[in-house]
Structures are given as structure tokens and as C-alpha cells.
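Asker: Fold the stuff below for me.
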Amino acid sequence: MAVETLYRSSRDPEQLFMDKAAADRHDQMLELAEQLSAVLRHAVPSINESQAEEAGVFMARHREHFAKAFKRNGDALDELLVPTTD
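Answerer: Next up is the predicted model:
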């Protein structure tokens, strides 16, 4: 019988990971998404909570692209404009 160690995200308990680093990265992404959502709700009072949360998660998941764009490389966001097949 094999034994596996699983790590649970503290911010998203339904998510399980095979290694602690992946769980930590997921938690950090969710923390950033929460902060971004709060800023979006503050900056755009008409945005509803669900939209702000969705946008915050999107931005947090693609933080590398946004970081490059904020460093005067706006073309870094072009990749995010490609339609997805989800």
C-alpha cells in the first residue's frame, strides 16, 4: 500500500496539491487576487463583488504579464487577448 502526502490550500480547502510549494503558490495567488479585488471595488464602485473577484483572480493568475506591462512593455498583455476554448 502506497502512502501519499497531500497539501491542502489554506485559502481554498477543496484544492489539494502534491507538494507544499504548489499549495503555497496557490495561496499567494489567492491572497493577491483578494487584494486586487478590493482595489477594483474601491476604484470602480459600480463593479459587483463577483466581477471584481473574477477580475482579481484573472490578474493574479497572469501577474507575470501585468508585471511586464507595468514595466513599459504593454505588448506583454497581447497574449491575454487571444480567445480561449474554455
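
Asker: Which positions within the helix or strand containing residue 60 qualify as buried?
Answerer: Assigned by DSSP states H and E, residue 60 belongs to helix 49-61. Of all the residues in helix 49-61, those buried under the rule 16 or more other C-beta atoms under 10 Å are 52, 53, 55, 56, 57, 59, 60. All C-beta atoms are positioned from the backbone trio N, CA, C, and that covers glycine.

Asker: Sort out which residues of the next helix or strand after that helix are buried, please.
Answerer: Using DSSP H and E, the helix or strand that follows helix 49-61 in sequence is helix 63-70. For helix 63-70, burial by neighbour count (16+ other C-beta under 10 Å) applies to 65, 66, 69.

Asker: Spell out the residue ranges of the strands in this protein.
Answerer: Secondary structure of the chain (DSSP state E): strands located at 7-8, 16-17.

Asker: Same list (the ones you listed) but as TSV, adding mean pLDDT, mean neighbour count and distance to residue 40.
Answerer: Output for the strands of the chain, formatted as TSV (pLDDT from 0 to 100; neighbours: other C-beta atoms under 10 Å; distance: least, C-beta to C-beta, whole Å):
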stretch	mean pLDDT	mean neighbour count	distance to residue 40
strand 7-8	89	14	28
strand 16-17	89	15	27
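
Asker: Export the ones you listed to TSV and append columns for distance to residue 82.
Answerer: Converted to TSV, the strands of the chain look like this (distance: least, C-beta to C-beta, whole Å):
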stretch	distance to residue 82
strand 7-8	32
strand 16-17	28
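
Asker: longest helix of this protein?
Answerer: For the chain, the helix reaching the highest residue count under DSSP state H is reported as helix 20-43.

Asker: which helices and strands does that one pack with?
Answerer: Contacts defined by 3 or more C-beta pairs under 8 Å, 6 or more residues apart in numbering; DSSP states H and E place helix 20-43 against strand 7-8, helix 49-61.

Asker: Now tell me what touches that helix from outside.
Answerer: Under the criterion C-beta atoms under 8 Å, 6 or more residues apart in numbering, residues 7-12, 15, 17, 47, 49, 52-53, 55-57, 59-61, 63 lie in contact with helix 20-43.

Asker: ok, residue 65 touching residue 82?
Answerer: No: Residue 65 is beyond contact range of residue 82, at 11.6 Å (criterion: C-beta atoms under 8 Å).
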